[in-house]
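*Asks:* with the input below, show me the fold.
(one chain, ligands or ions: 1)
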Amino acid sequence: MAALLQSGHLNPHPKYRTGLGFDAHELVAGRRLMLGGVHIPSKLGLAGHSDADVLLHALTDALLGALALPDIGALFPDTDAKWKDAASELMLKGTYQRVRAKGFRLVNADCVLVCDQPKLVPHSVAIRASIARMLGVPVDRIGLQAKTTEGTRLALKRKSIAAMAIVLVEGDCPCMGTVPKAAKPR
Ligand code: MG
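*Replies:* This next block holds a predicted model:
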């Protein structure tokens, strides 16, 4: 490690870091469907310990991954009664506070929801606005694609929803982004 830093091969304070998150939950009767903190009218909702907001879970994991922190399951265990039916907004906000405390802020996030039913495109704007509000960024920093599986074998058979998210975070400490000079060749 020290040799890598000394040689200039490794930037000790990278200005940018990326993170990737994925999650999937089963659709069941008797649950409210929450996606990105927005209630989506649906006969089925997502099963889970918390409100099972699969999109916020993927986004939370992406932020944690960007800084190589423990994942959402480690930080918000489903064995903890505190998180029973809890709003996943609390997890996302708590995670983003950690990111900010480490001197990083969100540049942008891009998300994919994979869901055959219900149709999510009509809710895309509301979901993006909801996430932007939670993270305190303009809505144009939050991308979202709502995809169906087009009847392929990837199919979720209308029984689950999956989400992926990628984030770019930027160090806002003045010392960040400086690349040490490479050692002079001998
Ligand atoms: Mg989850």
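*Asks:* partner residues bridging residue 19?
*Replies:* In this entry, residue 19 is beta-bridged to residue 167, by DSSP bridges.
*Asks:* could I get the contacting residues of it?
*Replies:* Each residue near residue 19 by C-beta atoms under 8 Å, 6 or more residues apart in numbering is listed here: 61-67, 166-167, 169. For every residue, glycine as well, the C-beta is placed using N, CA and C.
*Asks:* quick one: which of these is most hemmed in?
*Replies:* Of all the contacts of residue 19, the most densely surrounded is residue 167 (29 neighbours; neighbours counted as other C-beta atoms under 10 Å).
*Asks:* need the contacts of residue 19 in TSV (columns: secondary structure and pLDDT).
*Replies:* Listed next are the contacts of residue 19 as TSV, based on DSSP: H, G, I helix; E, B strand; the rest coil; pLDDT from 0 to 100:
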residue	secondary structure	pLDDT
61	helix	98
62	helix	98
63	helix	98
64	helix	97
65	helix	98
66	helix	97
67	coil	96
166	strand	98
167	strand	98
169	strand	98
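*Asks:* quick one: which of the residues you listed is nearest residue 45?
*Replies:* Relative to residue 45, the closest of those is residue 61; by C-beta to C-beta it sits at 20.7 Å.
*Asks:* before we move on, the earlier item: can you redo the contacts of residue 19 as a markdown table with distance to the ion?
*Replies:* Below are the contacts of residue 19 laid out as a markdown table (distance: C-beta to the ion, whole Å):
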| residue | distance to the ion |
| --- | --- |
| 61 | 8 |
| 62 | 13 |
| 63 | 14 |
| 64 | 13 |
| 65 | 14 |
| 66 | 18 |
| 67 | 19 |
| 166 | 17 |
| 167 | 17 |
| 169 | 21 |
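*Asks:* look at the residue in the chain that the ion sits nearest to and report its pLDDT.
*Replies:* Among the residues of the chain, residue 57 lies closest to the ion, at 3.6 Å counting by C-beta to the ion. You'll see residue 57 listed with a pLDDT of 98.
*Asks:* and the helix or strand hosting it, how far out from the chain middle?
*Replies:* If you go by DSSP states H and E, residue 57 is part of helix 54-66. Distance, stretch centre to chain centre, for helix 54-66: 2 Å (C-alpha atoms, centre = their mean, to the nearest Å).
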